[in-house]
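> Just a sequence and a predicted model for now, questions to come.
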Amino acid sequence: MKVIARQFTKDILLSTLFVLIVLIALFAFFGLIGQMDEVGRNEYDLATAFLLTGLTLPQRAYELSPLAVLLAAVYTMSRWASTSEFTVLRAAGMSPVRLAAMLVVPGLVLLVSTYVLGEVAAPWAMRYSTEVRSANDPTLTARGYNSGAWVRDLTKTPDGTEVDRFINISSISAANRLETGAWRVFEFNDAGKLSRIVRAESGVFTPGKGWTLRNAVETIYPKLDRDKENPQQAPLVRRTAAELPLASTVTPEILGVMMTKPERMAMLDLSSYIAHLDRVNQVSDHYRSVFWSKAFYPVGVLVMLAISMPFGYLNARSGGVAIKIFLGVLIGIAFYALNNLFSYLSAAASAPPALMAAVPSVFMLGASALALWWVERR
């Protein structure tokens, strides 16, 4: 059985690689066609279009991995069944448990490969893609906001006073997030009253020291005493400074997160941003659901291998390879749709994100076990 297991592993891995290349090439072609309208604008040439299309390939490979594994495994199972090799193996005593054990090695290889794609290759490629785009437009604004990046900051002053700020940064450079565009800082006291506004032409981050705002204008509002009849109790103070230090919990990494869709971020970056949102008492449900979806998504590779097992028990009269591949495509689309559905339901229904992210895999695994029991009983 060791020889059979090695051959089985080789067939599944090679078939997966072939299917993945075909699917990626198809999506890359349509992605390249979609960029043709931008070629010729702002030094956006054909070489840039090809480069940006190539940088999307790791993300495409990550997203298509479960579907590619399913199609490859269904093809391998169906081919072995059509040539009666699977029938001979069953007659020799191969049980469903033994078949599942044979799928462990290719499953682990594909699982690790999917995690590497999603956590290392794809995030790096997307960051580099943003840098390439910033070469044509160096003042990229934050994702989804024409006014720039808005971020909340809770920090403490040197005297121990807690300060609540809302910071607006007009633009962020993808190539160098240590230097940003114009800043607007709205600072509130412990009573929720506006106490200070800072406007600056730019901000520079120095590791170990923090942010320095250049050409800043600082406006300090007095604290009014409502018990007094005269509202003019203290003058408004306005000061200018060529460089104004600003202690803040906002880091360039957090600003970088705001330029990328959560689904395209690494789990480490998501975890860091979730911790920041919790620290400033902001809602992080969506990011948590995305985090757990990314944690369970590569596990779908193992689920897809389990789903392919019943196809080996169907003889040639149960349908040709093409029909089985078509069924595999439908199952893969259903799995992808379930992942997206439960990701949104997690935030909408306030359910535990980890539990909701695991539901599609558990459901498909249960369906696979039921189908395997049915074909085995026949």
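In hand now; what should we look at?
> Identify the residue nearest the residue most central in space within the chain in space, chain neighbours excluded?
By C-alpha atoms, centre = their mean, the chain has its centre lying nearest to residue 263, at 2.3 Å. Ranked by C-beta to C-beta, 6 or more residues apart in numbering and with sequence neighbours excluded, the top spatial neighbour of residue 263 is residue 290, at 5.9 Å. C-beta here means a position set from N, CA and C on the backbone, and glycine is covered the same way.
> Does that neighbour touch residue 270 like I think?
Yes. Judged on C-beta atoms under 8 Å, residue 290 makes contact with residue 270 at a distance of 6.5 Å.
> can you list residues touching both of the two?
Shared contacts of residue 290 and residue 270, defined by C-beta atoms under 8 Å, 6 or more residues apart in numbering, comprise residue 262.
> ok so, going back, what's the residue nearest to the centre of the chain in contact with, if anything?
290, 293, 294 are the contacts of residue 263 under C-beta under 8 Å, 6+ apart.
> What are the boundaries of the helices in the stretch 201-350 of the chain?
252-257, 267-279, 285-296, 300-308, 321-348 (DSSP state H, counting those that start in this stretch).
> In a markdown table, list those helices along with mean neighbour count and distance to residue 191.
Listed next are the helices of the stretch 201-350 of the chain as a markdown table, based on neighbours: other C-beta atoms under 10 Å; distance: least, C-beta to C-beta, whole Å:
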| stretch | mean neighbour count | distance to residue 191 |
| --- | --- | --- |
| helix 252-257 | 18 | 27 |
| helix 267-279 | 16 | 21 |
| helix 285-296 | 20 | 29 |
| helix 300-308 | 25 | 50 |
| helix 321-348 | 16 | 32 |
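> could the ones you listed be laid out in JSON lines, adding distance to residue 198 and mean pLDDT?
As requested, the helices of the stretch 201-350 of the chain are arranged in JSON lines below (distance: least, C-beta to C-beta, whole Å; pLDDT from 0 to 100):
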{"stretch": "helix 252-257", "distance to residue 198": "17", "mean pLDDT": "76"}
{"stretch": "helix 267-279", "distance to residue 198": "21", "mean pLDDT": "84"}
{"stretch": "helix 285-296", "distance to residue 198": "28", "mean pLDDT": "86"}
{"stretch": "helix 300-308", "distance to residue 198": "48", "mean pLDDT": "88"}
{"stretch": "helix 321-348", "distance to residue 198": "34", "mean pLDDT": "79"}
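> among those, which is nearest residue 93?
Among the helices of the stretch 201-350 of the chain, helix 300-308 comes nearest to residue 93, with 20.9 Å by C-beta to C-beta.
> contacting residues around the closest one?
12, 65-67, 69-70, 73-74, 76-77, 100, 103, 106-107, 110-111, 114, 328, 331-332, 335, 339, 360-361, 364-365, 367-369, 371.
> where does the stretch 1-150 of the chain dip in pLDDT?
1, 40-43, 131, 133-147 (pLDDT under 70).
> Break down it into its helices, ranges please.
Going by DSSP H, counting those that start in this stretch, the stretch 1-150 of the chain shows helices at 2-34, 46-55, 57-82, 85-91, 96-102, 104-116, 122-136.
> right, and the ones you listed - which one's nearest residue 282?
When the helices of the stretch 1-150 of the chain are compared by C-beta to C-beta, helix 122-136 sits nearest residue 282, at 22.7 Å.
> show me what contacts residue 184?
With C-beta under 8 Å, 6+ apart, residue 184 has these contacts: 167, 168, 197, 198, 199.
> wait, is the first one part of a helix?
Which is residue 167. No. Using DSSP: H, G, I helix; E, B strand; the rest coil, the assignment for residue 167 is strand, not a helix.
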